[in-house]
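Visitor: Fold the following for me, if possible:
(2 chains)
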Amino acid sequence: MNRLAQDAVLVGLVRRLRDADSWGGETHVQKAAYLLHELRGVPFAFDFILYKHGPFSFELRDELASMQSDRLIEREPRRLPYGPQLQVTDRGRALEHRMQKTMARYGEDLDWVASWLGGRGVTDLERLATAMWMTRHHDDASVPARAERLIAKKPHIELSDAIDAVEEIDALVAPTA
Amino acid sequence: MPFQRLRNIHQLALTYLVYPGASHKRFEHSLGVMELAGRIYDTVTRDDKRSDAVRDVFPSAKDHGYWRTVVRMAALCHDLGHLPFSHAAEDALLPDGVDHERITWDILHSDMATILADLVPPVRPDLVGKLALGPRKAEKLGLRLEFDPWEAILAEIIVGDAFGADRMDYLLRDSLHTGATYGRFDHHRLIDTLRIMPSAPREEGEGEGLAEPTLGCERGGLQSAEALLLARYFMFSQVYYHPTRLAYNEHLKDFLVEWLPDGRFAADPSAHLARDDSDVLCAIKLAARSPSAPGHRAARRIVSRDHFKVAYVRSPDDSSDDVRALADAAAERFSPELVRHGASPSRGAAPDFPVFDRDGRSVSALGLSDVFGKLPTSPDEYVLADRSIRPELARWISREREQILEEALDAQTEEIDEEVTT
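Guide: Residues are numbered from 1 along each chain as shown, chains lettered A, B, ... in the order given. This is a model prediction of the structure:
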């Protein structure tokens, strides 16, 4: 996807997540973008790695920073001890408007992910995205085996939560498999 | 042998033509990173720094010597793959999909493997490579490495955005050698306040200790961390992406593309290790004297200091692609031989890290600091031009800017619409 189109889609993602009551911090955008890419095939040009709090893309982090310097989004400071939230600026909304065909192409995917994840906490997102990672990289493994792999990398996650997350991902992957 | 080669790789490429003192090499930088990484490791693993919330992340006491060696070796080796003249124009001078980190990885698995195996205790090259590259580069290289919390913290000690030993050393060392004092900050204080701690809550309702442990600093080190980020901000503009250095990078790239066989450096470790800055400097000197030599014009520009100069500087109104669009239009209007686009990478937003507050809570640094959120993130960008056309080109851009940018945006939007429709 062309960079301008990608920025428009990311603006759309941030806006929809916030509209759907998500906290909308960088972690939320990272996990939502990863799941959009894996589950709906949205062609972001980012590579992800299993890192802090699950799949994470430094390229996406850089792009979000670049979008801030282009004043498409901004960081909204929150009261301590929390980190900032992202929000879309007027300039960001103008980009979405300009890229109507792109937004029409991916709008349904963005609505889907926002309604799925908007009400979920960041810990849920971390579990789901990591479960997706384990499923993508060990797709022949059973649910318990993938859950075990998940907690091996993320020991602070309970096994029962890991199993739930893998099952939730399986339910979403199955119809398109 | 792979490490000794760094004695002949300039840390800051041709920056010594702008700041005469900047003739230091990657060799001493690598030693410095090893020393600082060891000091950070010793600090964050001290007994008094281990709170109950993160105790599980530490390896057993008998393994500490091993991990300390791994960290120091990774820090020492993190720059082994640098090309002659370091970062200058690396993208254009290596085969597709290869960069200096990939070469570092390959050297660790070839020439360095036996050296690492002979250490006591022996150290695995893949572990050293993992920490030397860190997750950002591993992602870029498509190595599909997975970092557990301990490995992620150790990689942060070396190449982390907030407190990495690499960043600390290059800012202090480059500042010392250039004389640009912006790069200084109180690294003793900063290192002494580092600790491993739970991430700060990322949203309301997220319980304490649910997020995985990471590297943070105590409240008393926040000002030193701010000073480090400010140092980086100033050094970017004033040293690393000084427009004259960017111009020399372009001339060096032009020379190398003509001088190298097939216009590229070889990527295999043995060929890579056989070449350093001294080979390139000799070739530049010879080519500058001989009009028929490959790369003569670029070599002459470097030797006689006839570098391009600034014709346009990115304005606050310019977006990411605007200055490149202006440079492309100017190259078409005047000549691609006489115009270049020179840019730093985007600085990236200030990293968020946890701060160990006085009441023992993990608090977001971005929430606590008034400085982090206000650092400009825009890259430094220029249109650079030969001196003979610079005044005319500057006037032309000033006159045509709006129209050029509008046409470039229309063309890009049309292209995207077409792509989406098909």
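Visitor: Could you tell me which ranges of chain B sit under the pLDDT cut-off?
Guide: By pLDDT under 70, the low-scoring segments of chain B are B:87-88, B:205-211, B:421-422.
Visitor: Which residue ranges make up the domains of it?
Guide: Structural domains assigned to chain B are B:4-243, B:309-356+B:367-422, following automatic domain parsing.
Visitor: same check, this time on chain A
Guide: A:1-119, A:121-177.
Visitor: Helices of the stretch 201-350 of chain B, start to end?
Guide: B:222-235, B:243-259, B:269-273, B:277-289, B:296-303, B:322-333 (DSSP state H, counting those that start in this stretch).
Visitor: contacting residues around residue 129?
Guide: In the absence of a named chain, chain A is used. A:30-31, A:34-35, A:54-55 (Cβ atoms under 8 Å, 6 or more residues apart in numbering or on different chains). (Glycine included, C-beta is placed from N, CA and C.)
Visitor: that's the other chain; I wanted chain B
Guide: Contacts of B:Gly129 by Cβ under 8 Å, 6+ apart are B:74, B:104-105, B:108-109.
Visitor: What's the ChimeraX syntax to select whichever of those are buried?
Guide: If you want just the buried ones from the contacts of B:Gly129 in ChimeraX, going by 16 or more other Cβ atoms under 10 Å in any protein chain shown, the selection is:
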select /B:74,104,105,108
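Visitor: what's stretch B:100-110 in contact with?
Guide: B:2, B:77-83, B:87, B:90, B:94, B:116, B:125-126, B:128-129, B:132-133, B:137, B:140-141, B:143, B:267-270, B:272-273.
Visitor: Quickly find the element holding the spatially most central residue of chain A.
Guide: Per Cα atoms, centre = their mean, the C-alpha nearest to the average position across chain A is that of A:Ala32, at 1.5 Å. Assigned by DSSP states H and E, A:Ala32 belongs to helix A:26-40.
Visitor: Equivalent analysis for B:Ala132, please.
Guide: Using DSSP H and E, B:Ala132 falls in helix B:125-140.
Visitor: List the buried residues for stretch B:21-37?
Guide: B:22, B:24-27, B:29-30, B:32-34, B:36-37.
Visitor: Format those as TSV; extra columns: secondary structure and distance to B:Ile404.
Guide: Below are those laid out as TSV (DSSP: H, G, I helix; E, B strand; the rest coil; distance: Cβ to Cβ, whole Å):
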residue	secondary structure	distance to B:Ile404
B:Ala22	coil	35
B:His24	coil	41
B:Lys25	strand	42
B:Arg26	helix	40
B:Phe27	helix	45
B:His29	helix	41
B:Ser30	helix	44
B:Gly32	helix	45
B:Val33	helix	43
B:Met34	helix	49
B:Leu36	helix	46
B:Ala37	helix	47
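Visitor: Could you pull up the residues touching the nearest residue to B:Leu176 once chain neighbours are set aside?
Guide: Once flanking residues are discounted, B:Leu176 sits nearest to B:Gly183: 7.9 Å by Cβ to Cβ, 6 or more residues apart in numbering or on different chains. The contact partners of B:Gly183, by Cβ under 8 Å, 6+ apart, come to B:171-172, B:174-176, B:231, B:234-235, B:239.
Visitor: do the helix holding A:Ala32 and chain B meet?
Guide: Yes. Using Cβ under 8 Å from any Cβ of the partner chain, helix A:26-40 reaches chain B at A:26-28.
Visitor: show me where pLDDT drops low in chain A?
Guide: In chain A, residues with pLDDT under 70: A:174-177.
Visitor: which residue ranges form the helices in it?
Guide: In chain A, the helices defined using DSSP state H lie at A:3-19, A:26-40, A:58-69, A:90-98, A:100-117, A:122-137, A:143-153, A:159-173.
Visitor: Make JSON lines out of the ones you listed and add distance to A:Leu50.
Guide: Below are these laid out as JSON lines (distance: least, Cβ to Cβ, whole Å):
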{"stretch": "helix A:3-19", "distance to A:Leu50": "21"}
{"stretch": "helix A:26-40", "distance to A:Leu50": "10"}
{"stretch": "helix A:58-69", "distance to A:Leu50": "13"}
{"stretch": "helix A:90-98", "distance to A:Leu50": "30"}
{"stretch": "helix A:100-117", "distance to A:Leu50": "19"}
{"stretch": "helix A:122-137", "distance to A:Leu50": "6"}
{"stretch": "helix A:143-153", "distance to A:Leu50": "6"}
{"stretch": "helix A:159-173", "distance to A:Leu50": "14"}
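Visitor: closest one to B:Tyr16 among these?
Guide: Among the helices of chain A, the nearest to B:Tyr16 by Cβ to Cβ is helix A:58-69 (29.2 Å).
Visitor: Nearest to chain A: which residue in the stretch 151-300 of chain B?
Guide: Closest residue of the stretch 151-300 of chain B to chain A, Cβ to the nearest Cβ: B:Glu203 (3.6 Å).
Visitor: can the contacts of A:Ala129 go into TSV with extra columns for neighbour count and distance to B:Glu226?
Guide: Compiled in TSV, these are given as follows (neighbours: other Cβ atoms under 10 Å in any protein chain shown; distance: Cβ to Cβ, whole Å):
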residue	neighbour count	distance to B:Glu226
A:Gln30	25	25
A:Lys31	27	29
A:Tyr34	25	31
A:Leu35	23	35
A:Gly54	26	29
A:Pro55	23	30
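Visitor: A:Gln100: which of those is nearest?
Guide: Using Cβ to Cβ, those come closest to A:Gln100 at A:Leu35, 24.7 Å.
Visitor: What residues does that closest one make contact with?
Guide: A:113, A:117, A:128-129, A:132 are the contacts of A:Leu35 under Cβ under 8 Å, 6+ apart.
Visitor: Only the buried residues of the longest helix seen in chain B, if you could.
Guide: If you go by DSSP H, chain B has its longest helix at helix B:390-421. Judged by neighbour count using 16+ other Cβ under 10 Å, the buried positions of helix B:390-421 are B:390, B:393-394, B:396-397, B:401, B:404-405, B:408-409, B:412-413, B:416-417, B:420.
Visitor: so who does B:Phe27 touch?
Guide: B:3-4, B:6-7, B:9.
Visitor: Just the buried subset of those, written out for PyMOL, thanks.
Guide: This is the PyMOL syntax for the buried subset of the contacts of B:Phe27, where burial follows 16+ other Cβ under 10 Å:
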select buried, chain B and resi 3+6+9
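Visitor: As a markdown table, the contacts of B:Phe27 with secondary structure would be great.
Guide: Converted to a markdown table, the contacts of B:Phe27 look like this (DSSP: H, G, I helix; E, B strand; the rest coil):
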| residue | secondary structure |
| --- | --- |
| B:Phe3 | coil |
| B:Gln4 | helix |
| B:Leu6 | helix |
| B:Arg7 | helix |
| B:Ile9 | coil |
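Visitor: Out of the contacts of B:Phe27, which is nearest to B:Ser292?
Guide: Distances from B:Ser292 to these, taken by Cβ to Cβ, are shortest for B:Ile9, at 29.5 Å.
Visitor: Residue 15 - how many residues pack around it?
Guide: Here I'm looking at chain A. 20 (other Cβ atoms under 10 Å in any protein chain shown).
Visitor: Correction: the question concerned chain B.
Guide: Neighbours of B:Thr15 (other Cβ under 10 Å): 27.
Visitor: State whether it is indeed within a helix.
Guide: Yes. Under three-state DSSP, B:Thr15 sits within a helix.
Visitor: Quick check: closest non-adjacent residue to it.
Guide: B:Ala22 (4.4 Å).
Visitor: Kindly list the main-chain dihedrals of the one you found?
Guide: Per-residue torsions, B:Ala22: phi -80, psi 50 (degrees, to the nearest 10).
Visitor: Show me which pair in the contacts of B:Gly183 is furthest apart.
Guide: Largest pairwise distance in those, by Cβ to Cβ, is 14.6 Å, between B:Leu176 and B:Phe234.
Visitor: for A:Met134, what are its contacts?
Guide: A:Met134 touches A:141, A:146-147, A:149-150, A:166, counting by Cβ under 8 Å, 6+ apart.
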